[in-house]
Each structure stands twice: as structure tokens, then as C-alpha cells.
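1. Give the three-dimensional model of this entry:
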Amino acid sequence: MKVIIPLAGYGTRLRPHTYTKPKPMINVAGKPVLGHILDTLKGLDISEYIFIVGYLGDQIADYIDTEYNVPAHYVEQKEMLGQSHAIYLARQYLDDEPVFIVFGDHIFQADFTTIIHPRTDAVIFVKEVEDPRKYGVVMLDENQHVTSFVEKAANPPTNLAIIGLYYINNGNKLVEALHWQINDAEKKTKGEFYIADALQKLVNDGMIFGIETVPAWLDCGNSSAVLAANRYLLGEGGHDNSHEVHYPESIICPPVRIDPSAHITRSIIGPNVTVAAHCTIENSIVKDSIVGEGSAVKDALLERSLIGQYAYVGGRYRSFNVGDSSSIDFSVNND
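-> All right, here's what the predicted structure looks like:
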């Protein structure tokens, strides 16, 4: 099986962090979002990965080549023309082998039995949600096979949200559907080609799509969602090493994930905090936050904060969203 992971989006909802790193490289519970995805896929028999990269894509290639020993191709998406366009760029690497498409802006838990031992031509992974109006959903027949894909309807016919995981048993058939879509400008929606149209073409041509419901699906599209994912992963057994290191005059409130190289004194850390490598935290209270590599927090009370790499935050209580190599210091008297 070949895996396509589209990663080329600008991540505008996660700025300022995505000015200096791609969205899939945002740290959650001690690891980039992309790392969590690749770890989840480890049990599958994958012959090749095709990563669709864009802005700052060299960071993605460097990370994968350094941290993961996988056969990989990197394809640049120079124009943001949508999901189908991104996947179509991988066509030179596709053949009759099955394809698994995994969008790189979420973390998930899933049972892959249905694609290891498929009983249908294709599988769409879905999650039951309370308010499906924000998502694309699937409609099913009496056999629980997909009949249609409905994008962000005002009155969705089901609550089975499509989460961005798609298995198709033949890469060439997928390419044919994408080619059909992309060569017709009228199949654009708001200037982009959405994969739902290509998948609907496959359904209409007789391909049988089953579904697999996932127990957990964590969107990482904005800072609040990233912090929610951090809370979930730490609470579900993320590496809580609060007992491994003594921090002078400090209180650690699990769950946390603190890199052993972090320097923490006279502080309260947690719950739900990730502290990356080489951070310094002094005289501070930090909870429900992520502090990026090499950053410093001093004389501060932080909550629901996302602090980038090599940043400095000092003084006062506040919820911060601070990008890489930035400095905010409210302890300085500017009068």
C-alpha cells in the first residue's frame, strides 16, 4: 500500500506559528503533529510514502529523513488549488497498488483492520459529531455503503463527519477520477478542487465504499484545537515524566510532558502542559499550555498558551499565542 499525506497548506489559522514552520510541525504532547500521524501508521504494510509539501516543506523532509526511516517521495504543491489537486500531483508514483490518503492536520486513533483485510473496494473513515454542519458527511445505504458525499450542508443528512482518511484499493482508478475532475474547471468549489467530487465519481462508477468509525479525531487547525489535542494526548497516556526529574522548589501537577533538558525552578507546572527541550521556566505558573523548544518563561502566570520556539514571555497573567523567536515582557516599565 502507498500512503499520500498532503501537507502543503499555509495554516493561516495557526499564525504566528506557521510563519516559521509548516502546520504539521506544530508540537503537541512532545512531538510534531506529523510525528503522531506517522506513529499511528506504523503497523501498516506501506511500500512508499508520498508527502505533498509546500511552504517551508524542507522542514518536513528534514524531520522525516532524520526521525523516520521510511521510503519517501516529496512533491511540491506550488499552487493551492485544493485537496484533489494535491493528491493528483502524486500520480507518477501511483499504480494498481492500494492507496491510503491521510491529511496531515489532525491526530486520530483508528482500527485499520478494514484496510488490512478489506471487504469493500474503498473505506472512508468517519467520526460521529454533534454538529456536522462544519464538516463533509457521508450518506449510506442499507448495507452501510456510501452512496454520496455531502459538503458542509446547512441541514446535514447524517452526523458521520469525514475526517480526512481515505483508502482506495487501486491507485490508477483514483488517478482517473482526479484527472476527470481537474480537467473540468466547473468542478471547482470556491476556487479549489475537493476530493469529495472525485470520490463521488468513483461511487457513481460502481466502486463500493465502506466506512470505519474512529474513536478519536483531534483537529489541529488552530491554537485552541492544538491545546485541546495536547490535553487529550497527555490524559490518554502521553509520556508523563513528572516523576523522573526533581525541579527545585517546584510543584509538578500531572499530566505533563517535560523534556529532561528543561530547567524549571520555583514554579508550578501543570496540569496539561508540554515543555520542550532546553526551556527555562522560573518563578511562574504554567497550566494548559505548550512551551516550545528553547523558550523562556519568567515571572509569569500562563494558561491556555501556545508558545513557539526560542521565545521569551515575562511578567503578568495572560493567555498567550507567541510565535517563534518572539519576546513579550510585561515586567518592563515603559512609562
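
2. Return stretch 16-28 as PDB; C-alpha atoms alone will do.
-> In PDB, the C-alpha atoms belonging to stretch 16-28 read as follows (Å, rounded to 0.1, in the frame of the first residue of the first chain):
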ATOM      1  CA  PRO A  16       2.000  33.400  14.000                       C
ATOM      2  CA  HIS A  17       3.400  29.900  14.400                       C
ATOM      3  CA  THR A  18       3.000  28.900  10.800                       C
ATOM      4  CA  TYR A  19       5.100  31.900   9.600                       C
ATOM      5  CA  THR A  20       8.200  29.900  10.600                       C
ATOM      6  CA  LYS A  21       7.100  26.300  10.400                       C
ATOM      7  CA  PRO A  22       4.500  24.200   8.500                       C
ATOM      8  CA  LYS A  23       1.300  23.400  10.300                       C
ATOM      9  CA  PRO A  24       2.100  19.600  10.600                       C
ATOM     10  CA  MET A  25       5.300  20.600  12.500                       C
ATOM     11  CA  ILE A  26       3.400  22.200  15.400                       C
ATOM     12  CA  ASN A  27       4.400  20.500  18.700                       C
ATOM     13  CA  VAL A  28       1.700  18.600  20.500                       C
END
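
3. can you offset everything so residue one is 9?
-> Done: numbering now begins at 9, and the last item shifts to stretch 24-36.

4. need the helix or strand of this protein with the lowest average pLDDT.
-> Within the chain, confidence by mean pLDDT, DSSP states H and E is lowest for strand 335-337 among all helices and strands, at a mean of 58.

5. Helices along the stretch 59-208 of the chain, start to end?
-> Taking DSSP state H, counting those that start in this stretch as the criterion, the stretch 59-208 of the chain carries its helices at 65-75, 91-96, 121-124, 179-190, 203-212.

6. do you know which of those helices lies nearest residue 305?
-> Judged by CB to CB, the one of the helices of the stretch 59-208 of the chain that comes nearest to residue 305 is helix 65-75, at 24.4 Å. To be clear about C-beta, it is placed using only N, CA and C from the backbone, and glycine gets the same treatment.

7. packing partners for the closest one?
-> helix 41-48, strand 56-61, strand 80-84 (3 or more CB pairs under 8 Å, 6 or more residues apart in numbering; DSSP states H and E).

8. Mind listing what's buried along it?
-> By neighbour count, and taking 16 or more other CB atoms under 10 Å as the criterion, the buried residues in helix 65-75 are 65, 67-68, 71-72.

9. mind putting the helices of the stretch 59-208 of the chain in JSON lines, mean pLDDT and distance to residue 273 included?
-> JSON lines is the format used below for the helices of the stretch 59-208 of the chain (pLDDT from 0 to 100; distance: least, CB to CB, whole Å):
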{"stretch": "helix 65-75", "mean pLDDT": "92", "distance to residue 273": "31"}
{"stretch": "helix 91-96", "mean pLDDT": "93", "distance to residue 273": "46"}
{"stretch": "helix 121-124", "mean pLDDT": "92", "distance to residue 273": "49"}
{"stretch": "helix 179-190", "mean pLDDT": "94", "distance to residue 273": "55"}
{"stretch": "helix 203-212", "mean pLDDT": "92", "distance to residue 273": "50"}
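
10. Let's have these in CSV, adding distance to residue 33.
-> Formatted as CSV, the helices of the stretch 59-208 of the chain follow (distance: least, CB to CB, whole Å):
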stretch, distance to residue 33
helix 65-75, 6
helix 91-96, 17
helix 121-124, 26
helix 179-190, 27
helix 203-212, 23
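
11. now, of these, which is deepest in the fold?
-> Neighbour counts averaged per stretch over the helices of the stretch 59-208 of the chain are highest for helix 91-96, at a mean of 25; criterion: mean count of other CB atoms under 10 Å.

12. How about the backbone phi and psi for residue 273?
-> Main-chain torsions, residue 273, degrees, to the nearest 10: phi -140, psi 140.

13. For it, grab the count of nearby residues.
-> By other CB atoms under 10 Å, 14 other residues sit near residue 273.

14. if we can go back for a sec, among the helices of the stretch 59-208 of the chain, which is nearest residue 147?
-> Of all these, it is helix 203-212 that lies closest to residue 147, at 10.2 Å by CB to CB.
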